[in-house]
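Undergrad: sharing a model that was predicted from the sequence below.
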Amino acid sequence: ARSTAAALSVTVAAGVGLGYPVTGAIAEVGGVHAAFWFGAAASAVAIVAAALVYPPSADVPPRRLDVAGAVLLGTALSAGLLALGEAERWGWTSPAVLGLTALSLVTVVAWAVWQLRAEAPLVDLRLARSRTAATAHGAALLVGLANYLLLSSVPRLAQEPESTGYGFGASIVVAGLALLPFSVASFLGGRFAPQLRRAVGQRLVIPVGAVVLGIGEVLVGFVREDLWQLFAAMAVAGLGVGTVFAALPGLIVSTVPPGETGSAMSLNQVMRYVGFAIGSAAGATVLEAATAAGEESPATTGYEGIGLIGLGACVVLAVLTATLPDRATTR
């Protein structure tokens, strides 16, 4: 079960990396709307496949969807991300940004209280009370944030005009292909994670992956004079992401009862996608802040800032997971 969960975790990163070049090629030929329709079709295929293939759970009775929890979580995330994404344009102290931030904080607290009291919560937060479980979920958020800082900005970096002094003037297809090394390397990182665990021990797998991802962040931010260097940097980042994603399920499984593994993994997925969303919004905010009035492209310091923010997230990730007690990572 642990190895299967790790494989599923890694395919998320691999699929993200593959999605960019595929939809980039579709957008180049049929326009941006065709790319979104392709994404909708792919999602429909996934839903139908899940309905046909996944067996019903034999030991757990079906539960009603926690509509209140879904509404509260959706409101908290939407308000917070909208405030982060529009703060540079509206002003960080504008009533709209402050109001959205307050709404986000209030609803996320209300959501947490509701999840702890509901009979069938959307996400069982009680499974995150131990230090190891909380660290695993925090790690998912941090690696998701660092991951999507790159995935949301590198295609734009590749397409920046050469007149900026740092851009490559690449087409949509080439910009998407810049993430293909990330996808391949993330898959390889997941495959090599067991060998790394045997070499350095279970406790250090995630910290090592975080360090590798941090190196990728720095390379994207500061070492990109040629397009091939951008491709290489994304391969390094993908190797780190794949390693971390492959190790997280084992950390979670070691801390919860077997019957609660699915719920705990669901919470980890939620935290991962929250990190994705925050990283994407933060990347856009940094680049907008680095764009001078009247200019279409940000200064190169915008991409350097993204690299430094990603590096900071990776440092925190490495420290949090490296200081876990041995017994928490070897059960």
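TA: Yep, it's here.

Undergrad: quick one: low-confidence ranges for the stretch 101-250 of the chain?
TA: Within the stretch 101-250 of the chain, not a single segment meets pLDDT under 70.

Undergrad: all helices for it, in order.
TA: 131-159, 172-177, 180-200, 205-222, 227-253 (DSSP state H, counting those that start in this stretch).

Undergrad: how about the fourth one: buried residues?
TA: Spelled out, that is helix 205-222. 205-221 (16 or more other Cβ atoms under 10 Å). Where you see a C-beta, it was placed from the backbone N, CA and C, and this is true even at glycine.

Undergrad: picking that back up, adding distance to residue 114, write the helices of the stretch 101-250 of the chain out as JSON lines.
TA: As requested, the helices of the stretch 101-250 of the chain are exported to JSON lines (distance: least, Cβ to Cβ, whole Å):
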{"stretch": "helix 131-159", "distance to residue 114": "18"}
{"stretch": "helix 172-177", "distance to residue 114": "40"}
{"stretch": "helix 180-200", "distance to residue 114": "35"}
{"stretch": "helix 205-222", "distance to residue 114": "31"}
{"stretch": "helix 227-253", "distance to residue 114": "23"}
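
Undergrad: quick one: closest of those helices to residue 34.
TA: Nearest to residue 34 among these is helix 172-177; the distance by Cβ to Cβ comes to 11.8 Å.

Undergrad: packing partners for that closest one?
TA: helix 2-30, helix 131-159 (3 or more Cβ pairs under 8 Å, 6 or more residues apart in numbering; DSSP states H and E).

Undergrad: give me whichever of those helices is most buried.
TA: Ranked by mean neighbour count, these are led by helix 131-159 with a mean of 24 (mean count of other Cβ atoms under 10 Å).

Undergrad: tell me what angle that one forms with helix 2-30.
TA: 20 degrees (axes from the mean of the first three to the mean of the last three Cα atoms, to 10 degrees).

Undergrad: quick one on the thing from earlier: save the helices and strands packed on helix 172-177 as JSON lines, and put in distance to residue 245 too.
TA: Converted to JSON lines, these look like this (distance: least, Cβ to Cβ, whole Å):
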{"stretch": "helix 2-30", "distance to residue 245": "4"}
{"stretch": "helix 131-159", "distance to residue 245": "7"}
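
Undergrad: closest to residue 120 out of those helices?
TA: helix 131-159 (19.9 Å).

Undergrad: show me what that closest one is packed against.
TA: helix 2-30, helix 172-177, helix 205-222, helix 227-253, helix 261-289, helix 300-322, helix 326-330.

Undergrad: export the ones you listed to a markdown table and tack on distance to residue 135?
TA: Shown next, in a markdown table, are the helices and strands packed on helix 131-159 (distance: least, Cβ to Cβ, whole Å):
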| stretch | distance to residue 135 |
| --- | --- |
| helix 2-30 | 16 |
| helix 172-177 | 34 |
| helix 205-222 | 9 |
| helix 227-253 | 8 |
| helix 261-289 | 11 |
| helix 300-322 | 5 |
| helix 326-330 | 8 |
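
Undergrad: out of those, which comes closest to residue 94?
TA: helix 261-289 (14.0 Å).

Undergrad: helices or strands next to the closest one in the packing?
TA: Helix 261-289 packs on helix 2-30, helix 67-90, helix 131-159, helix 227-253, helix 300-322, going by 3+ Cβ pairs under 8 Å, 6+ apart.

Undergrad: mind putting those helices into a markdown table with distance to residue 276?
TA: Formatted as a markdown table, these follow (distance: least, Cβ to Cβ, whole Å):
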| stretch | distance to residue 276 |
| --- | --- |
| helix 2-30 | 8 |
| helix 67-90 | 11 |
| helix 131-159 | 5 |
| helix 227-253 | 11 |
| helix 300-322 | 13 |
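
Undergrad: so which of these gets nearest residue 284?
TA: helix 67-90 (5.9 Å).

Undergrad: who touches that closest one?
TA: 94, 96-97, 100-101, 103-105, 107-108, 110-111, 114-115, 118, 121-123, 270, 274, 277-278, 281-282, 284-285, 288-289 (Cβ atoms under 8 Å, 6 or more residues apart in numbering).
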